[in-house]
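# Dropping a prediction and its sequence here:
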Number of protein chains: 4
Amino acid sequence: MNKLLVLIQCKDEVGLVANITRILASHQLNIIAMREFVDEEEQRFFARISCSNSIENTEVLKLELQERLPQNALIEVVPKADKSIAVLVTKEFHCLSDILIRNYFKTLGAEVKCVIGNYENLKELSEKLDVPFHYISHENISKEDFESAIIKKLDQYELDYIVLAKFMRIISPNFVARYKHQIINIHHSFLPAFIGASPYQQAFKRGVKIIGATAHFVTNDLDEGPIINQQTIHVNHTYGAKQMAIAGREIEKSVLSKALELIFDDRVFVVGNKTVVFE
Amino acid sequence: MNKLLVLIQCKDEVGLVANITRILASHQLNIIAMREFVDEEEQRFFARISCSNSIENTEVLKLELQERLPQNALIEVVPKADKSIAVLVTKEFHCLSDILIRNYFKTLGAEVKCVIGNYENLKELSEKLDVPFHYISHENISKEDFESAIIKKLDQYELDYIVLAKFMRIISPNFVARYKHQIINIHHSFLPAFIGASPYQQAFKRGVKIIGATAHFVTNDLDEGPIINQQTIHVNHTYGAKQMAIAGREIEKSVLSKALELIFDDRVFVVGNKTVVFE
Amino acid sequence: MNKLLVLIQCKDEVGLVANITRILASHQLNIIAMREFVDEEEQRFFARISCSNSIENTEVLKLELQERLPQNALIEVVPKADKSIAVLVTKEFHCLSDILIRNYFKTLGAEVKCVIGNYENLKELSEKLDVPFHYISHENISKEDFESAIIKKLDQYELDYIVLAKFMRIISPNFVARYKHQIINIHHSFLPAFIGASPYQQAFKRGVKIIGATAHFVTNDLDEGPIINQQTIHVNHTYGAKQMAIAGREIEKSVLSKALELIFDDRVFVVGNKTVVFE
Amino acid sequence: MNKLLVLIQCKDEVGLVANITRILASHQLNIIAMREFVDEEEQRFFARISCSNSIENTEVLKLELQERLPQNALIEVVPKADKSIAVLVTKEFHCLSDILIRNYFKTLGAEVKCVIGNYENLKELSEKLDVPFHYISHENISKEDFESAIIKKLDQYELDYIVLAKFMRIISPNFVARYKHQIINIHHSFLPAFIGASPYQQAFKRGVKIIGATAHFVTNDLDEGPIINQQTIHVNHTYGAKQMAIAGREIEKSVLSKALELIFDDRVFVVGNKTVVFE
């Protein structure tokens, strides 16, 4: 079990690994798993180092690393703690229920603080599984007011991430900006194919033989944010758009679940419009 | 082993299967596998029926079926025979060699009559594996003349299908029209994502976590023809566009190989811009 | 949507499909999907025919089919109705919760009448999701009495199937005999590898690069019953037995879920120690 | 492109990564990819470090590492060079041809020095693709003499690996001992299921829904050596043993090809009866 996790993102230069590991060794930290990656195009270095023991004063360690690493290095020293999240939903239950069940049995790697839905039909499940549900309708209200209501509700919690678990409203740049790299969406196609509405209808029309799902961070460009995880399954001529949607639910659930596991385990770095994922 | 194959495509109506199978039974034909499908949107019926025995006069059978089926029914009675094909290539060897090896060991389900290349580098392999190679350069020549030269060469053979095994030239509507539903292409992405040139470069830029390949019939619209088969594989942040291309070769080869197997085994029907594939 | 389903299993002979479909046509039944298979080794014929309309008197149809088909033909005419099931569990929640959630939202294709557990820890979830939970401990009691208590409880319901959703007790021939081809188990390996206890420990020791899960009907021979569905996932040297077990849960859930979907949709036939699955 | 590769296997202790990377940095070596793994059960450390530049005197580097690492550390400093291999075959062409084609186009990462077959039918292909073929029949000869003849032939080449590409003879401990961890076999099942002869026949009898292939190092225990790579594909009730064998060929080819790629790229470490594979 890793007791201490060191996450680093900085400009690449010769000797980085040597410097970092020397500092860790000087604290008697025992590295049990180290993943690093150099994005040669961007000249950026990424590392995730987990240690089997910990130290009391992580601030000192962080400072020592800061001194030795290139300017503007992003350094996190994480004595592993569970994340806090909110989940936004519309009507579909499959992604939400998977998250709520894991949360209920404490295997999610995060705590679901609340569920917010623009329909009421998932209220009962959320509450049965001991998570507060806030109903905020988008009807008879401007998009701005709708989002303000959501943000107000979110602000009542201290959140690390907001998960859009089949939340079928497009969110505005203003909303996105508040939670940079903190909003995760599950899109029901293998992006960049079938961006936007009704991807299964689009897939059916095109006669594809595979359908997919994509978990990604939300940015201002619809379905264009950094991709975290994708999967596909085979379909055939007997699938109408509806059957595709039904089959697709399984991978939507599975792709989102995997993406969240990776994020909650601090395995995902964002760089530009891409991700580095230390699986 | 199927000795006789009956392929039918027609307007759907009640009692089709009963009528067809009654006629087959009256000829003492023993059905060992039957696949049928009704495209409810298009109101079209498709069937592939294989029998463990055969009959001498298949024309009579065909006529009897014709009489009983809706007007304009497409009926084929096939005493299984190998198909004849030509393969068009540019420089990459992986798809071609897979086809040539299967051809060499007679497991392709078709005979490769010739290979035509707009570069010379695959000549040696083709000839070593006993298939004539025709070099037709696209350089210093109009597209029209280039295609005329190819067509002239193709006309020397009686061909069922033309396989574009990483042939990197866009072919003109005139060429396509000559060989309706007879030209099969392998595209190096999971269409409709990354249509057109340099799909791996596009995929790398977008930061996708899966890449794919698509075998499809060629129509006038670039990369828009009926899809026969698709597959995907996982990639990650360590893949540059070049590594994606290398990894992609394996599925290009595999997808094309599978598509050809299905086609040569008479398992693929084209309907509009889609396929019905009885796998 | 299929309104009427005809399931047939009988000795193979020439003209079966013609005879069956003629009878259906005479009732004005419109076949929208037909799947048939001939097991040539066993000389047995299997068919699943779904019609888009229905008829009032299915008994007459059944009798007409009976008259025309070989002796001892198994014929079912099914105006589609939901199945009733009981779920047996021990401590693990992942398979049960998947079933309960689908049941809760009425997408399971069956109704869960009760959950029986030999530990109490899944009682709360079951009851929250509106399914009665019966706690029957195996401790301080003979195997015979333990099973009698379970059977007594099961007898209170009219059940089509009993699902062992990670029920970690071996059940006796007596129990199995009562519910022939009605008990479905999920085994946490790709059978026949790693039969019996602790398959993940066995897999870890062997250093395999894939692990799997198998859904099968239960027979008297441990883990030897007819296989319905199997899946595998990749693992690597970083997985200990525990990590394999965690990763394995996802496919256990998925494999069982798929197997149940196939069974509840009348797509699975048992023949000897194998299954015919019309997917 | 990595110019220098450092491979290390030794007893685990605190500070290993720091010590290793410090030494590399002192030579101005720029690490572009580093993979390490600690087998906690065996208390062993594995690392594969690739550098974007190289140095002239790799022996000095090796000595410095030796001094700092635990006793008996296995250290390789590899200025990447192609491996030399021999391929042993019986009658089936699919694995051999894949290797020969890659060899022919210089994308194998190794050079095929010769093919040895106990039948003659793959001679023509080997020679066409410019690789000498040695025919050594196992008939009318003792196993010992058969193997001596093979070994004698192998001794004419300097070989890194011997690939059994569907070589259907069991090799003796004496043979195995000569080439420890140098013989790679492709077995046509997902080991440990269906060890030994006729795995597809066994798989058919058991009614499995997936079949697989396994590439492994050969040890004295039949099909029990360290597994390098495995894959599976789905089959169904329509597959007889023959169809399984045909479908299986594709993954046999693919699994062996992937295993060889990993080995030739120095990504595979053997530890006891397992492998560490830095994919």
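Structure received.

# Near chain B, which residues of the stretch 1-150 of chain A are found?
Listed as neighbours of chain B in the stretch 1-150 of chain A under the rule Cβ under 8 Å from any Cβ of the partner chain: A:37, A:39, A:41. Heads up, the C-betas are built off the backbone N, CA and C, glycines and all.

# Which ones among the residues you listed map onto helices?
Using DSSP state H, no member of these falls in helices.

# Can you tell me which of the residues you listed are buried?
The neighbour count (16 or more other Cβ atoms under 10 Å in any protein chain shown) marks A:37, A:39 as buried among those.

# Go back to the residues of the stretch 1-150 of chain A next to chain B and keep what's next to chain C.
Within the residues of the stretch 1-150 of chain A next to chain B, nothing lies near chain C by Cβ under 8 Å from any Cβ.

# closest to chain C among the residues of the stretch 1-150 of chain A next to chain B?
Comparing those against chain C with Cβ to the nearest Cβ places A:F37 closest, at 16.6 Å.

# what pairs with the closest one across the strands?
Per DSSP bridges, the residues bridged to A:F37 are A:F46.

# about what we covered before: can you lay out the residues of the stretch 1-150 of chain A next to chain B as CSV showing distance to C:T90 and pLDDT?
Putting these into CSV (distance: Cβ to Cβ, whole Å; pLDDT from 0 to 100) gives the following:
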residue, distance to C:T90, pLDDT
A:F37, 42, 91
A:D39, 47, 89
A:E41, 51, 84
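
# between the residues of the stretch 1-150 of chain A next to chain B, which is nearest D:K152?
Nearest to D:K152 among the residues of the stretch 1-150 of chain A next to chain B is A:F37, at 47.7 Å by Cβ to Cβ.

# Not counting residues beside it along the chain, what's closest to A:K153?
A:H134 (5.1 Å; Cβ to Cβ, 6 or more residues apart in numbering or on different chains).

# Name the SS class of that neighbour, please.
Reduced to three states with DSSP: H, G, I helix; E, B strand; the rest coil, the structure at A:H134 is strand.

# from memory A:Y239 sits against A:A245, does it?
No. In this structure A:Y239 lies outside contact range of A:A245 using Cβ atoms under 8 Å: 9.4 Å.

# how close does the nearest residue to A:N273 once chain neighbours are set aside sit to chain C?
Spatial nearest neighbour of A:N273, excluding adjacent residues (Cβ to Cβ, 6+ apart): A:P226 at 5.5 Å. Separation of A:P226 from chain C (Cβ to the nearest Cβ, to the nearest Å) stands at 24 Å.

# And the strands in the stretch 101-250 of chain A, which stretches?
With DSSP state E, counting those that start in this stretch, the ranges of strands along the stretch 101-250 of chain A come out as A:110-117, A:133-135, A:161-164, A:183-187, A:210-217, A:227-234.

# Comparing these, which comes out most buried?
Highest mean neighbour count among the strands of the stretch 101-250 of chain A (mean count of other Cβ atoms under 10 Å in any protein chain shown): strand A:210-217, with a mean of 27.

# who does it pair up with?
For strand A:210-217, the paired strands and their directions (DSSP bridges) are strand A:183-187 (antiparallel), strand A:227-234 (antiparallel).
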